[in-house]
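Asker: Dropping a prediction and its sequence here:
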Amino acid sequence: NFVTGSGSEVGEGSTGYSAPDVTDVAVAHKGRRGSTVVVRGESVHASVPEDGINAVYRACDAVDRLRGMEFPEADVFGERLRGTMAVTGIEGGSAWNVVPDRCEVTVDERTVPGERLFLEGLEEHDGIRVQVDQDLPPMACDDEGFAELVLAAAREVHASESGGSGEA
């Protein structure tokens, strides 16, 4: 993939994304934001759950809100990128007979240029905090002329390697 962003290029041999043995040129690449949603509650004995605040229940509500979010999309030179989000872990509770006072939800988000999910909106609810653990930004080519130049070079290389028409 040949991708530019903020004046830099990433030249990485990538073959076979669009079709077998085709050298592809990418004009954008998704980023990755890994976050932990930390949810607080109030611990009590499980025989009187109404006296506490169950952090796991609050976390389940937060996951429902995450699942209802619309994934961001971006267009880069006619290529449509769609962000994604997945809850990849949930951990809470310390014993069978204790209402948990803490629960953590791990979220993997694939970001697109210029757009992100509004995870911070979860903090509008009591006892919820979002901490970003990793943020690798998306990239997008900001120079259409350069993208066309790289695409033409990839076609030329592909044509000389396969003896074909150079379609990439």
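Answerer: Received it, and whenever you're ready, just let me know what you need.

Asker: So Glu120 sits against Val130, correct?
Answerer: Yes - using C-beta atoms under 8 Å, Glu120 is in contact with Val130, at 5.7 Å. C-beta here means a position set from N, CA and C on the backbone, and glycine is covered the same way.

Asker: who's more crowded, the two?
Answerer: Just comparing Glu120 and Val130: by other C-beta atoms under 10 Å the higher neighbour count belongs to Val130, 17 against 12.

Asker: At which residues are the strands of this protein located?
Answerer: Residue ranges of the strands in the chain, as given by DSSP state E, are 2-5, 8-11, 28-29, 31-40, 73-76, 79-82, 84-92, 102-111, 128-136, 139-140.

Asker: which sections of this protein are below the confidence cut-off?
Answerer: 1-25, 158, 161-168 (pLDDT under 70).

Asker: ok so, going back, would you reformat the strands of the chain as JSON lines and include distance to Glu148?
Answerer: JSON lines is the format used below for those (distance: least, C-beta to C-beta, whole Å):
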{"stretch": "strand 2-5", "distance to Glu148": "11"}
{"stretch": "strand 8-11", "distance to Glu148": "14"}
{"stretch": "strand 28-29", "distance to Glu148": "15"}
{"stretch": "strand 31-40", "distance to Glu148": "24"}
{"stretch": "strand 73-76", "distance to Glu148": "13"}
{"stretch": "strand 79-82", "distance to Glu148": "13"}
{"stretch": "strand 84-92", "distance to Glu148": "29"}
{"stretch": "strand 102-111", "distance to Glu148": "26"}
{"stretch": "strand 128-136", "distance to Glu148": "27"}
{"stretch": "strand 139-140", "distance to Glu148": "15"}
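
Asker: Can you give me the neighbour number for Leu81?
Answerer: Neighbours of Leu81 (other C-beta under 10 Å): 22.

Asker: quick thing: my sequence starts at 23, can you match it?
Answerer: Done: numbering now begins at 23, and the last item shifts to Leu103.

Asker: List the contacts of the residue nearest to it when sequence neighbours are not counted.
Answerer: Counting by C-beta to C-beta, 6 or more residues apart in numbering, Val134 is the residue found nearest to Leu103 once chain neighbours are left out, at 4.4 Å. Residues in contact with Val134 (C-beta atoms under 8 Å, 6 or more residues apart in numbering) are 50, 52-53, 94-96, 103-105, 160.

Asker: Drop anything exposed from the residues you listed.
Answerer: Buried subset of these (neighbour count, 16 or more other C-beta atoms under 10 Å): 50, 52-53, 94, 96, 103, 105, 160.
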